[in-house]
Structures are given as structure tokens and as C-alpha cells.
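> got a sequence here, can you build the structure:
(chains A and B)
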Amino acid sequence: MRHRVVITGMGWVTPLGCDIESVWRRLLAGESGVAPIRNFDARAFPTTFAAEVKDYHVPDKIAASGKHSRISRATGFALDAAHQAWAQAALPEPGTPEHKKLNPYDIGAYLGSGEGSLDFSTFTRTAIANWKRDADTLDMAGWGRDALKSFNALAEIEQEPALPINHLSMEFNARGPALNCLTACAASTQALGEATEIIRRGDASIMISGGAHSMIHPFGVTGFNRLTALSTLNDDPRRACRPFDATRSGFVIGEGAGVLILENLQHALSRSAPILAEVVGYGSSADAYRVTDQHPEGRGAVMAINEALKDAGLTPGDIDYINAHGTGTKENDSTETHAIKAAFGSHAGRVPISSIKSMMGHLIAAAGAVEAVTCVLTLRDQILPPTANYSVPDPECDLDYVPNEPRPARVDAVMSNSFGFGGQNDTLIIRRYRP
Amino acid sequence: MRRVVITGIGAVSPLGLTAADSFNAFHSGRSGVDTIGAFDASSFPCRIAGSVPAFKTADFVPKSYRKSTKIMARDIELAVVAADNAVRDARLATRGILESGGGKAPADNWYAPDPSRVGCNIGAGLICADLNELTEAMVRAANPDNTLNLARWGKSDNPSESSGMDTLAPLWLLKYLPNMLSCHVSIIHDTRGPSNTITCQQASAGLALSEACRTIQRDQADVALVGGGESLVHPMGLMRWTLLKLLTESGNENPATACRPYDARCSGTVISEGAGVLVIEELEHARRRGADIYAEIKGMASCASALPLGQADPAGEPLAHVCRRALAGAKLRPDDVSALLPPASALPQLDQSDIAGISSVFSSLPPMTTPRGAVGDAGAASQAIDLVMAAQMLKRQILCPTVNCDQPLHDIPVVKSPKTPADLAHVLILARSLAGQHSAIVLSRYQEAH
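Residues are numbered from 1 along each chain as shown, chains lettered A, B, ... in the order given. Predicted structure coming up:
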């Protein structure tokens, strides 16, 4: 027998803000979180804009604990989002007598978090200063001496992708199953799916799950610019990300975190927790095609969608909304459309699809988690967020993308897709809770 | 519940380029730790590491895929080589094996699996960028004070010259994404089932194996390639581990005896590199195709210490917890364990914590052994190598010795010389990452039911 898994709390840190309700209102209003980059001077880069979390500071309550010095930006986002989710789930505040009564081994953490960014100034200076121009190579002995004096041990180790869950474990005394997966842009959807499986099989009653990431740093943007994956519409950042539109030209890099409290249904009922929705289906697959391209027919995406439907015991006709991966690249959006048609058959034209990346940008490893939060909000409020910046239809993308305006709808079961570089595909199905 | 067994093993480690070579070295007590040769480490207090012998990745991929080896960081190369070793050992005629053989499997008794029923789950670390490659690009955009000029990095002053960033290969980023270990392996061997990349440092491989094993148990796959790969033998890796004060500084003269887990004279670990990949398979699936079975996966558990990086509970409570959970899952009692591969961080405080935790579970400790003293700490590859060794110990009924543990702390029963036949029924493999994630795996001797 497998346990049912429900969502009892949610939090996020996003380019549109850092609390659930205001960001949700802005998404429904079609607002954009995209603007010129402030994290570093990107004026000469092919892409000069991004969806940054603006003027961000880790909340004092978290910073003051003394447990989280030198944390990466991603870890700060994760702690912030997790506190929001923990509070919404009506779980006892860490440090209180009620918190001490929880069984720490029954609470786990599974994130799809990305690596922290390099100590840019130290990294670049030590490397450049020790370059031997006559030999076109680094003087390693010189670099070693310089590096040992210049780098900070804590700041270095905080870049490890296992560190966000380490900080969550410490903050909430969560000693249950502890995992981080880093499957590129699919990571946090995968984390939510696998965390669901952990509760289903009884290895924990509560999982703190989701993801956090920031690649808005010089080498991150360099990497995506070299791949020519980013939109370069520098004159019009707010309209740069155009999922499913014929004029789409690349994704917009974002940053942030989404964290959900997943809970064993019986556990949630026994403590009268607020039940926001139920996770009913999860599918995962690999394209096994190319490192650089998706399979042209979305072979892996179709398999992930079908596996999730099978897992949920649902058919395409049961799905009322698809929160698309919808990055705004030429390739993704047509492949994803193709995959939805292949998996949904005659229902493909009837199911509304939208991409919040049009407003929020692409949060990379964290994207799936903020999209899962969005899915829960569609179930709660019976309204779908739009795909912003949609104006020119593409014959390759001929489904219903909820263009530009939010849409009231009867929503019972929703699907969220995430596809990563290298052919990683994950799909979640979330449903309104019914006893 | 569907039962899951190990039907193939592969490893590339400082002890050899195959699982068999690595095992033979472990068995004979040879060390793979030596002076660092990959780069000039002369300004570091610890100048030794476990380094993998020379190999050419192109020799381990089909011809059509050789071009892709140019976009593989060393961590990826190691995983690709170990996966080739494992798939061949399991006699799986995957796409890569068939292509390498001109469309034919090496022998009639090889088996071509259904790609959609094969998963891939390989743990990875934080992959370091190649310093020379990146610096060569950066110096084109350097300011006189050795800072990077972001304007010239992004765009050249002179339109006929390329900017700093433009000298990087277009696919530069893809060399360094942790999921590329699994992705390249999944492409080479055409594994289309559930795929994941666990990044939990030293606990990654056991967690990856557990996750993949669950996908087989719940019938989402029949076969999976699992394990981990990482190279810490990199200037950035050495710098980080030096600054964190994890490395021994007393072993430069005698590298082979430098890494001394659980020994009274332990003064720190050494960095290492490698990869281990195991083919795990649903039991009936394995039997139908006549696969050789190394061991059965009986128990799996995971937990966190909830402590700051590098610290461990003095009582070893989290480690004791995963031991108990994994044994309970396997329906075994502590007395049933015939050998134990402990985390073996070779860091005095962590080693003491291990012993306290393990001692609280077992009334009398089973024989303990680890290849860590001979290999060093290979991050996400560490537990993968341990699992590959444990699978062979069970199959061959051999207990391998631990090197460099002459005076075991608290007189724990460390295996000092090889034992054959060892009568091994159940082996417990434990890992703890520096960041506090734990994983425990119980492997059991597989015996055909009569």
C-alpha cells in the first residue's frame, strides 16, 4: 500500500517578489520580472538582462541564527522559501517546545538545487595574475600560493550543491531522508516527484522539497550566451521571453527558489494541517538522444507525461491545465507542443497550456518548484495564469496557450512539465484534494 | 515487492581501470595514492592524491560518439569509462556496445534490453572548470590590475578580434553540468528510463543506487545503471580541501601510507578521483536472461545529521539510525551482518563518531574494511567504489584487507589480511558526506532457491 501525499505549505523567492500572494497577483496581471542585470556589469554581454530577485536580503530571522554564514545566494533563497512553507503548513517554529516534539528522522529534505556561484573576484584575479603569457599556461605553483591566501574556505564549500539541504536540515532539525538532485532545468520537479515517492513508501511523513538556484553571474550568463540559448532582445527585456510565439528567440535567465511541504495525508489530517492539494502523479525519463538537443519528437517528454498519467491513474481528458516548461526557445516550445499532442491525442487542443517563464524567466534548477507552486494556486483560485508576450502564432505551436490574459477555469487536475539540458524529462500531476 | 540484484559492475579508480583490477589491488593491499602528477601541486602542504592511471575516453565509446568526448570534463570521462566496464560485465548489448562491435554483440549470450525500461542514476560532484582553458580566455580581457574587464569579456574593442567569452567553445558550459555524467551514459547506452543525478558528495552513490532501486521496485524500469563519479584531483579541489583542513600534511614522503582511516595515527585524508557504476536489475528479468548475479540489494536508508559541514555527532546517532533503518528494511538483525564498509572519512573527529555510532548498533562489531586508505576520498565516487568492491566480495566470498590501519581506534575489528572463503552473507555499506547526508546499503549474497 502506498500513502497519499498532500501539499500543506508553500513558499517562494522569485523575480516578481518573495511572498505567495503578491507574486500570484502579479503573475495573473501578466507583469514581468525581467530587467537589466544588476548582479554584475553585463552591459557588454550579448544578453544584458535577466529576471533577478531584486534587492534581496536573507530575512533577519534566518541570518541572525548564526548557522548560515557565507551561504550561497541559492541557499539563502531556499531557507527563505522553506520558512514561508513551514509557516503556512502550521508546523511549529524551530526552537519552540512544540518543534522539539517532532520526530526529526520523520522529516526529510529533497531539493533540486544548483551549485553556488564562484567567488568571482578572487577566482578571476588569482587566475589572471598567475598566467604565464610567454608559455600560455598558468603558473600553478604561483596560483597555489596565491589561492591559499585569497580564497575563503567556507565560501568555497558553500558552493557544493548539497549545501542548501544541509542548511535546511540544520534550520528545521530535519534528519530524515536527505537528497539533492541536480538534473539541470528539470531538477526541482524531479525532487518533488522523488520526495513524493519517499512519503508514499513510508520513509518520512514530511518532506521539505523544491529547489533553489542562481546562475545570474558572469560565467553563468557567459555559458548560456555561448550556447546561444538566451534571448538577446536587449532593447525590450520585458517582452524578451515569448513562449510559443513565432518570434521567440531564446529564454531569459532567472533565479530564485520554490519550496513545498509534502506530507503524508494521514499525518496532515491528524494534526489538522491545511491541505492545499495532492500530488498524484510523477513521471521521469531520459531522451538518450543528444547532449545539445531535445529529441525532435519529444520522445522522452512523451514518456514522462505518459508515466505521470499512469502513476496518477488519470487519462489526458482528466487534465485541466498544463503548466508548460515553455522556455521561449525555438526548440523547446515546438518539441513540447509536439510531445503534448503525442501524449494527449485529441485532447491536446482542448487543454489550456501556459508558461509563467514569460514573466518570471527561467529559474533553471528552481523552475519546476515555482511552477508547482503556481499549479497549486490555479487549483485554489480556479484561474489560469497567462502566457505573456504572445502575439504572433507559430504554425508549429498551435495549441491553446492562454495568451496574455488570465483565464477563469474549472481546474481539478493539473500537469507541470520540466525538461533539462541533456534530455532529462520530469512531469508532475497535482490535483485538488478530496477526502 | 520486486527483488533487485546486481548483475554488472564497473569501476575506474586509482587502483585500476576496471572493477576487477581495482578489486585485485584492494585484495592485495596495494595503494593507489601517489604524488600528484596532473598539475604542479608544489605550493600545497599536501601534494599527494589518488589518481586514475592514464586512459583514453575515446577507447570506451562507439566511433560515432568520439567527437562528444571533447565536451566531457574529467568527471564525465570517468563515469563513461566505468559505465562501459559495467555494461560489458553485465553482458548488456546496449546501443553503444552494438555500435562498437559493428552492429553485433560480442557473444551470443549477450542481451539487448528495452531502452525504455533501463534507467540511469549516477551521482556527481561540483565539477571544476578547467583553469587553463578559462584563464586563457580571461587574459584577453584582463585589466592591468589583474581583474577581469567585463566589458572586454563580453565584447571586443576591436571588431576583428573575438571577445574574451567568444574564445570559449560554444558548448563550454555543458562540460561542467553535473547531470552530464548520466546524460552521456544514457545517450551512449540508450537508456531512456528514469534518470537522475544525486549531488550529495560522499553519500551520492548509495543514494543514487537507492533511488534507482526504488524505480525498479515500483515497476518503472527493469534495469538501471547506478553509481557515482567525481574527480577532486584538480587545483580547485585541492585548494578547497586544503583550506578546509581536511588533508594530511604528513604523507608527502610516503603517499601509500598517508591515508589512514580509523588508525591512531590518522591526520587527515587525501583527495582522489574515480567512478563506479553498477548494473542493477529486477531479479526475474536477470534470471530469464541468464545473468550472473553478484548480490541482492536488501536494504537502503538515508538520513541527515543536521550539523554544520564537516561536523559529526560525537555519539554517531545519525549513522546508527541509517544502519538500523537499512537492516530493518532488509529484515535483518545486526548479528546477521558479516562485514561492514564504514564511511572512512580519514578525519579523526568523523572516524570517532563513526565508531561510536556503529558500536551502538552492534553488540559485537562485524569485520570492517574499506578501500579508502588505498584510494583516498573521491567524493561522489567514493561509495560507488565501495559498492563495487562489496559486490565482488560477496560474489567471490573474499574479505579484503584495509591498508594503513595498523593501530585501529578502540580496537575495532579492521580486516588486516585477506580472508577466503569468508562466508559473507550480508554486507553493510555506509557513507556520510561532509555536509551530513548519510546513506546505508545492505547487499546480500544471492543464492539460487532450490
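> please name the nearest non-neighbouring residue to B:V185.
B:A83 (4.5 Å; C-beta to C-beta, 6 or more residues apart in numbering or on different chains). C-beta: built from backbone N, CA, C; applies to glycine.
> mind checking pLDDT for B:R333?
Confidence at B:R333, expressed as pLDDT, is 98.
> that one and B:C323 touch, don't they?
No - if you go by C-beta atoms under 8 Å, B:R333 and B:C323 don't touch, sitting 11.5 Å apart.
> okay, these two: which has more neighbours?
The neighbour comparison of B:R333 against B:C323 (other C-beta atoms under 10 Å in any protein chain shown) goes to B:C323, with 27 against 11.
> what sits against that one?
B:301, B:334, B:357-358, B:361, B:428, B:430, B:440 (C-beta atoms under 8 Å, 6 or more residues apart in numbering or on different chains).
> how does it look with 7 Å?
Residues in contact with B:C323 (C-beta atoms under 7 Å, 6 or more residues apart in numbering or on different chains) are B:358, B:361, B:428, B:430, B:440.
> so what does the first one have for phi and psi?
Here is the backbone geometry of B:I358 (degrees, to the nearest 10): phi -70, psi -40.
> double-check B:V61 against B:V80; I have them as touching.
Yes - contact criterion C-beta atoms under 7 Å: B:V61 and B:V80 qualify, at 6.4 Å.
> who's more crowded, these two?
Using other C-beta under 10 Å as the criterion, B:V61 and B:V80 rank with B:V80 on top: 30 against 24.
> OK, contacts around the more buried one?
B:57, B:60-61, B:72, B:184-185, B:188.
> try A:I206
A:106-107, A:261, A:263, A:267.
> and those residues as TSV, adding neighbour count, distance to A:D412 and secondary structure?
Output for the contacts of A:I206, formatted as TSV (neighbours: other C-beta atoms under 10 Å in any protein chain shown; distance: C-beta to C-beta, whole Å; DSSP: H, G, I helix; E, B strand; the rest coil):
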residue	neighbour count	distance to A:D412	secondary structure
A:D106	16	31	helix
A:I107	25	30	strand
A:I261	29	22	strand
A:E263	27	21	strand
A:H267	18	24	helix
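> leaving out chain neighbours, which residue sits closest to A:T292?
Per C-beta to C-beta, 6+ apart, closest to A:T292 is B:L171, 6.6 Å.
> quick one: the one you found and B:M72 touch, right?
No - counting by C-beta under 7 Å, B:L171 stays clear of B:M72, with 10.5 Å between them.
> okay, the two: which has more neighbours?
B:M72 (20 against 15).
> wait, B:H321 touches A:D106, no?
No - assessed by C-beta under 7 Å, B:H321 is found out of contact with A:D106, at 11.3 Å.
> okay, now the domains of chain A?
Per automatic domain parsing, the domain ranges recorded for chain A read A:5-117+A:159-431, A:120-151.
> out of those, which one sits most buried?
Burial among those, expressed as mean neighbours by mean count of other C-beta atoms under 10 Å in any protein chain shown, is greatest for domain A:5-117+A:159-431, which shows a mean of 23.
> quick one: end-to-end length of that domain, please.
11 Å (C-alpha to C-alpha, to the nearest Å).
> between B:V61 and B:V80, which contacts overlap?
B:I188.
> the helices in the stretch 201-350 of chain B, which residues?
Per DSSP state H, counting those that start in this stretch, the stretch 201-350 of chain B carries helices over the ranges B:204-217, B:235-243, B:283-288, B:317-329, B:348-361.
> returning to that earlier point: pull the contacting residues for the residue nearest to A:T292.
By C-beta under 7 Å, 6+ apart, the residues touching B:L171 are A:227, A:292, B:71.
> hmm, which of those residues is lowest in pLDDT?
Ranked by pLDDT, these bottom out at A:T292, which has 88.
> surely that residue is in a strand?
No - with DSSP: H, G, I helix; E, B strand; the rest coil as the criterion, A:T292 is assigned coil and is not in a strand.
> looking at it, A:E160 is touching B:L126, isn't it?
Yes - judged on C-beta under 7 Å, A:E160 makes contact with B:L126 at a distance of 5.3 Å.
> returning to that earlier point: what residues are up against the residue nearest to B:V185?
By C-beta under 7 Å, 6+ apart, B:A83 lies in contact with B:10, B:185, B:189, B:225, B:277.
> are we agreed that it is in a helix?
Yes - the assignment for B:A83 by three-state DSSP puts it in a helix.
> and the residue nearest in space to the middle of chain B, how close does it get to chain A?
Chain B has B:A381 as the residue nearest its centroid, 1.7 Å off, counting by C-alpha atoms, centre = their mean. As judged by C-beta to the nearest C-beta, to the nearest Å, B:A381 and chain A stand 15 Å apart.
> what of B:A301?
In terms of C-beta to the nearest C-beta, B:A301 sits 8 Å off from chain A.
> what's the local residue count around that residue?
Neighbours of B:A301 under the rule other C-beta under 10 Å: 25.
> what residues does it make contact with?
B:322, B:325-326, B:329, B:440.
> which residue packs closest to it, ignoring adjacent ones?
B:R325 (3.5 Å).
> what about the one you found, how many neighbours?
B:R325: 21 surrounding residues under other C-beta under 10 Å.
> hang on, A:L138 packs against A:N130?
Yes - using C-beta under 7 Å, A:L138 is in contact with A:N130, at 5.6 Å.
> mind picking the two most distant members of the contacts of A:I206?
A:D106 and A:I261 (13.0 Å; C-beta to C-beta).
> give the contact list for A:D106.
A:176, A:204-206 are the contacts of A:D106 under C-beta under 7 Å, 6+ apart.
> in contact with residue 217, which residues?
The chain I'm using is chain A. A:39-40, A:117, A:120.
> my question was about chain B, not that one.
By C-beta under 7 Å, 6+ apart, the neighbours of B:Q217 are B:1-2, B:4.
> between these, which is nearest chain A?
B:M1 (10.3 Å; C-beta to the nearest C-beta).
> ok, and what's touching the helix or strand of chain A at the bottom of the mean pLDDT ranking?
The helix or strand of chain A with the lowest confidence, counting by mean pLDDT, DSSP states H and E, is helix A:60-63 at a mean of 91. Residues from elsewhere that reach helix A:60-63, judged by C-beta under 7 Å, 6+ apart: A:68, A:79-80, A:83.
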